Every structure is written in structure tokens, then in C-alpha cells.
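[1] fold the following and give me the result.
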Amino acid sequence: MRRFLFFWLVVGCAPEAPPKAAPRESQSYEQAIRTICDVDQHAGADPDDVLDVSAKREEYLLEHVKNSDGIYFLTLFRVNGPKEQAAMLDKEVASTKISACPLLAALRQESDPVPTPDG
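    So this is what the prediction gives:
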């Protein structure tokens, strides 16, 4: 019994291992936002099928956004509609100084479609 208590006393009082360094990101935040911006060029969706576009965008982004902050942004981004997504993406594009963002233009068009003469 004493040996058992001594063992737990020694193990319990042993110094903790030094904290491990945070893992290095394989993708910068700017690269993550650029990946989001260019999703339609790489996702392989049929532009005439709204549901296919949405599904392929999500599938591609979940697979290719690797930066932890980018994943967090994507998590918040995905639960909003096109108008809110455009506003969120516009802010990130400006902060990362990305010059062109095709998805931002597409989201703006989706949130404010041009009226047709039929209706």
C-alpha cells in the first residue's frame, strides 16, 4: 500500500511536460480567403443549377480551406444568405488586400438579381 501511495505521490508531483508549440499552419489566412474567392473556378459546378453550385462550393471549401482562422470564417460564412455572405467576404477581402474575388461578385448578383421583363 505504501509503495502504491509513494508511486502516485511521485507521479503527481512530477514536473509537467513543456507545452508543445502550436502546429504550423499549412495555409495562410490570405490563401484561405483566396481559396474561398476562387471556389467557383475550381468546384466544377453547373452554373445553371443553383443547388449544384451551392453543394459543390461547400464540398470544395470544406476540403480546401485548411487555415484555422479560415475554417472559423467559413463556419460563420456558411450559415448566412448571399447578402450577408457578400458583406462578410467583402470585409475579409479588404483586410487581406486581395485584388479580385469572383465569389464576391457572384454573391452580390445572387443577393440582388437583375429583374427580368417577365416579372
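
[2] tell me, how many residues neighbour the nearest residue to H64 once chain neighbours are set aside?
    Leaving aside its chain neighbours, H64 sits nearest to T35 (5.2 Å; criterion: CB to CB, 6 or more residues apart in numbering). (Glycine included, C-beta is placed from N, CA and C.) Neighbourhood size, T35 [other CB atoms under 10 Å]: 21.

[3] enumerate every residue touching T35.
    Applying CB atoms under 8 Å, 6 or more residues apart in numbering, we find T35 in contact with 27, 61, 64-65, 70.

[4] in the chain, which helix or strand is least confident?
    For the chain, counting by mean pLDDT, DSSP states H and E, helix 2-13 ranks last in confidence among helices and strands (a mean of 57).

[5] immediately after that helix, which helix or strand?
    Later in the chain than helix 2-13, the nearest helix or strand by DSSP states H and E is helix 29-37.

[6] name the residues of that following helix that are buried.
    For helix 29-37, a neighbour-count test (16 or more other CB atoms under 10 Å) marks 29-37 as buried.

[7] and if you look at stretch 91-103?
    Quick answer for stretch 91-103 (16+ other CB under 10 Å): 92-93, 96, 98, 101, 103.

[8] now distance to T75 and pLDDT too, for these, in a markdown table please.
    Below are the buried residues of stretch 91-103 laid out as a markdown table (distance: CB to CB, whole Å; pLDDT from 0 to 100):
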| residue | distance to T75 | pLDDT |
| --- | --- | --- |
| E92 | 13 | 96 |
| V93 | 18 | 96 |
| T96 | 18 | 93 |
| I98 | 20 | 92 |
| C101 | 19 | 95 |
| L103 | 17 | 94 |
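
[9] nearest to F77, of these?
    E92 (8.8 Å; CB to CB).

[10] how far does stretch 57-71 sit from the chain's center?
    In terms of CA atoms, centre = their mean, to the nearest Å, the centre of stretch 57-71 is set 4 Å apart from its chain centre.
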